[in-house]
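Chemist: Provided below for reference: sequence and predicted model.
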Amino acid sequence: MALGSQASAVFSNDDEVARNLIAAGEQTRDRAWQLPIWESYQPQINSAFADMQNIGGKEAGSITAACFLARFAKKYRWAHMDIAGTSFKWAGTKKGATGRPVALLTEYLLQQAGRPA
């Protein structure tokens, strides 16, 4: 929901992966925007009862979801997308799934598989 219904948020530990996802979104008109996952966000998922919690509170909720993933995937190139705002129409008379970001992800995967752009 960080970017509303206009764009999905992309979080990644690899700028090339993020750029490729965003480029695929531009090609399919299913836009995305990279948000930060700076180390200073990590304390928001610390817990008094466990090693960590999977929710960070009111501030930077979508970023803390990426921070949670980051703790488990340090050895890998990865991306996390916040699609809550784009994948579903929440208001009005035509509520329901939008199909986003299926086109973006399909284009990204086809490019990764070597299909010429």
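Modeler: Received, thanks.

Chemist: remind me, longest helix of this protein?
Modeler: Longest among the helix segments of the chain by residue count, using DSSP state H, is helix 15-28.

Chemist: report the buried residues of stretch 78-98.
Modeler: Neighbour-count burial for stretch 78-98, counted by 16 or more other CB atoms under 10 Å, picks out 78, 79, 80, 81, 82, 83, 84, 85, 86, 87. Any C-beta I mention is one placed from the backbone N, CA and C, and that applies to glycine too.

Chemist: who does the longest helix of the chain touch, helix- and strand-wise?
Modeler: strand 8-12, strand 32-34, strand 79-82, helix 102-112 (3 or more CB pairs under 8 Å, 6 or more residues apart in numbering; DSSP states H and E).

Chemist: tell me which residues are up against stretch 24-34.
Modeler: 3, 6-12, 15, 18-19, 21-22, 81, 86, 100-101, 103-108, 111, 117 (CB atoms under 8 Å, 6 or more residues apart in numbering).

Chemist: from the residues you listed, keep the buried residues only.
Modeler: So, by 16+ other CB under 10 Å, the buried ones in the contacts of stretch 24-34 are 3, 7-12, 18, 21-22, 81, 86, 100-101, 104-105, 107-108, 111.
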